[in-house]
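*Asks:* Sequence plus the predicted model coming up.
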Protein chains: 2
Amino acid sequence: MTLPEKVEIVEVSPRDGLQMLPGFVPTADKIRLIEMARAAGFKRIEAVSFVSPKHVPQMADAGEIMQSIGDDPNIAEMALALNRKGYRRAIEASVDWICYVTAATETMSSKNANTTVADGIAMTRECIAEAHERGIRVRASIAVCWVCPYEGRVSKDRVLEIAGEMAEAGVDEIAFNDTVGKATPDDVYELCRSARNLLPNQQFAGHFHDTNFTALANIYAALTAGWRIFDSSAGGLGGCPFSPGASGNVATEKVVWMLENMGIETGIDAEKLKALAAFAKSVEAGAKSAAVVG
Amino acid sequence: MTLPEKVEIVEVSPRDGLQMLPGFVPTADKIRLIEMARAAGFKRIEAVSFVSPKHVPQMADAGEIMQSIGDDPNIAEMALALNRKGYRRAIEASVDWICYVTAATETMSSKNANTTVADGIAMTRECIAEAHERGIRVRASIAVCWVCPYEGRVSKDRVLEIAGEMAEAGVDEIAFNDTVGKATPDDVYELCRSARNLLPNQQFAGHFHDTNFTALANIYAALTAGWRIFDSSAGGLGGCPFSPGASGNVATEKVVWMLENMGIETGIDAEKLKALAAFAKSVEAGAKSAAVVG
């Protein structure tokens, strides 16, 4: 078993961490969260999502946020998209990465993005050339790779098939998401190793939720299968509005503690991360109490 | 990687879970905790410790507890001992298992048991024949196998050396303890695999604290190294009075969730475990508030 010297952690609190909060988080707080993440040393930050403000009002200020934060040439901002319109808005906002979210099951794809998996792949094929021309990289993020809240256990072969089609479409990275936090490390190892064997030149990322406290075990399992990029959210904020039972993303501070104590470099400043996590939690508390008052 | 069909979980809340609580837990509650653990399906329960009531007043009623619970022929009661007197009391109480605790470092051995590691091994050699004659099995539990709060990172070779001597002394099981919850899964895999290679016929157990949220990752790592027996504590109660920075044992309900979802049988009734964890937490809360009042 060879473990890497370095791992990349993608900080997702500004997007995945906030989207489920019931009260609207002030735009200034969202911007501060991104700036604190930049200061803590993250080289990629999931900053916003370009989705319907009707369905996800929390992200209605995505364009304003992207304008305000400006471009830091050393740090990549990633924006989530679920459809052609999202792709378009992300390209126009000149993000560094588009995270296009599809799913491993049709029910999840329909609930989350109101489309089929096949159409998600078709959209990616349509949009990727323009993204690449503009220097924007594209991640295909596959929701519910292990367990779907609607369809139960997910077939490994189906996930690999979708990954294969996304790779063929030319995506720069494929993320496997344990959206509801029900994956176990044996299955994570199995799927991650199979994906690497199938697509040895593809860049992969793991996105684990900590609903059942297995996220660090799952990250370790993915590491032993050769994966080197992981999403996490400061303070453990997050979830998915269209995934019943989903709780927070794995907390960045837990991931950094484990990796650094394994002798794996993350590039993250532990003190600044602590401040980021504290601020993220205060933003979460504020949005929850605002919703109660309002 | 071959994972087992079954794993044995040793429930340690009645001993390891309670010993650090500031207020005295009523004997009746301790007995009820053991009875609830029996009902939930555990086949081995760390019920008490036979240690100095001056140093660990919480366990002053160990003899009374062992008498009250009586012998269930299908369930093994394990009692902790730190010295000859503890061995003697455990033998006289006719426990099923003695858990003799030594340490991987001299400072920890001195702080925890006021003795040297060599003397701990010598004590085990002296006491084991009588224990075996009476049908009592002996576990050698090695504290701070990865990180010591006094001496820092622990040498793998030293742990293997102690394990080798304990195996030679004839112990029925050797437990490796991450007493302060600072082990990482790569090191756990490494040490557990080395121990199995060195002592292929020895029975091993893993004892992990969840201070830094890595306990499930560590259990998974130990599983992949061939280990099949793990300690845990309902509700995550526990710690060590002589290990600065130690927080709770890994919660049994987290371990059972992960293993059962990996398709590994634990024999534990999830509903009864839930009740046990709730009761353990209420006992903890009671002992904490009693200490504040008293």
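*Replies:* Looks like it came in fine. Residues are numbered from 1 along each chain as shown, chains lettered A, B, ... in the order given.

*Asks:* quick one, what contacts A:Ala278?
*Replies:* A:Gly235 (C-beta atoms under 8 Å, 6 or more residues apart in numbering or on different chains). C-beta coordinates here come from the backbone N, C-alpha and C atoms, glycine included.

*Asks:* Name the residues of the helix or strand it falls within that come out as buried.
*Replies:* According to DSSP states H and E, A:Ala278 maps onto helix A:270-293. For helix A:270-293, the neighbour count (16 or more other C-beta atoms under 10 Å in any protein chain shown) marks A:272-273, A:276-277, A:279-281, A:283-284, A:287 as buried.

*Asks:* Point out the residues in the stretch 101-250 of chain A that sit beside chain B.
*Replies:* Neighbours of chain B within the stretch 101-250 of chain A, by C-beta under 8 Å from any C-beta of the partner chain: A:182, A:184-187, A:189, A:212-214, A:216-217, A:219-221.

*Asks:* Relative to A:Arg196, how far out is the residue of the stretch 1-150 of chain A found nearest chain B?
*Replies:* Residue nearest to chain B within the stretch 1-150 of chain A (C-beta to the nearest C-beta): A:Leu3, separated by 5.8 Å. Distance check for A:Leu3 against A:Arg196: by C-beta to C-beta, to the nearest Å, it reads 15 Å.

*Asks:* hey, where'd the helices end up in chain A?
*Replies:* Listed in chain order, the helices of chain A (DSSP state H) span A:27-40, A:62-69, A:84-92, A:106-113, A:117-133, A:156-169, A:185-198, A:215-224, A:252-261, A:270-293.

*Asks:* Could you check the angle the third one makes with helix A:117-133?
*Replies:* If I follow you right, that is helix A:84-92. Interaxial angle of helix A:84-92 relative to helix A:117-133 (axes from the mean of the first three to the mean of the last three C-alpha atoms, to 10 degrees): 10 degrees.

*Asks:* number of nearby residues for A:Thr252?
*Replies:* Residues lying near A:Thr252 (other C-beta atoms under 10 Å in any protein chain shown) number 31.

*Asks:* if we can go back for a sec, rounded mean pLDDT for the helix holding A:Ala278, please.
*Replies:* On average, the pLDDT along helix A:270-293 is 89.

*Asks:* And that helix, how far out from the chain middle?
*Replies:* In terms of C-alpha atoms, centre = their mean, to the nearest Å, the centre of helix A:270-293 is found 19 Å from the chain centre.

*Asks:* got the angle for it vs helix A:27-40?
*Replies:* 160 degrees.

*Asks:* which among the buried residues of helix A:270-293 gets closest to chain B?
*Replies:* Using C-beta to the nearest C-beta, A:Ala277 comes nearest to chain B of the buried residues of helix A:270-293, at 13.3 Å.

*Asks:* Pull the contacting residues for that closest one.
*Replies:* Per C-beta under 8 Å, 6+ apart, neighbours of A:Ala277: A:234-235, A:251-253.

*Asks:* quick revisit: dump the residues of the stretch 101-250 of chain A next to chain B to a markdown table, plus neighbour count.
*Replies:* Formatted as a markdown table, those follow (neighbours: other C-beta atoms under 10 Å in any protein chain shown):
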| residue | neighbour count |
| --- | --- |
| A:Lys182 | 22 |
| A:Thr184 | 26 |
| A:Pro185 | 28 |
| A:Asp186 | 21 |
| A:Asp187 | 22 |
| A:Tyr189 | 22 |
| A:Asn212 | 22 |
| A:Phe213 | 21 |
| A:Thr214 | 28 |
| A:Leu216 | 29 |
| A:Ala217 | 31 |
| A:Ile219 | 27 |
| A:Tyr220 | 29 |
| A:Ala221 | 30 |
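
*Asks:* Thanks a lot, see you next time.
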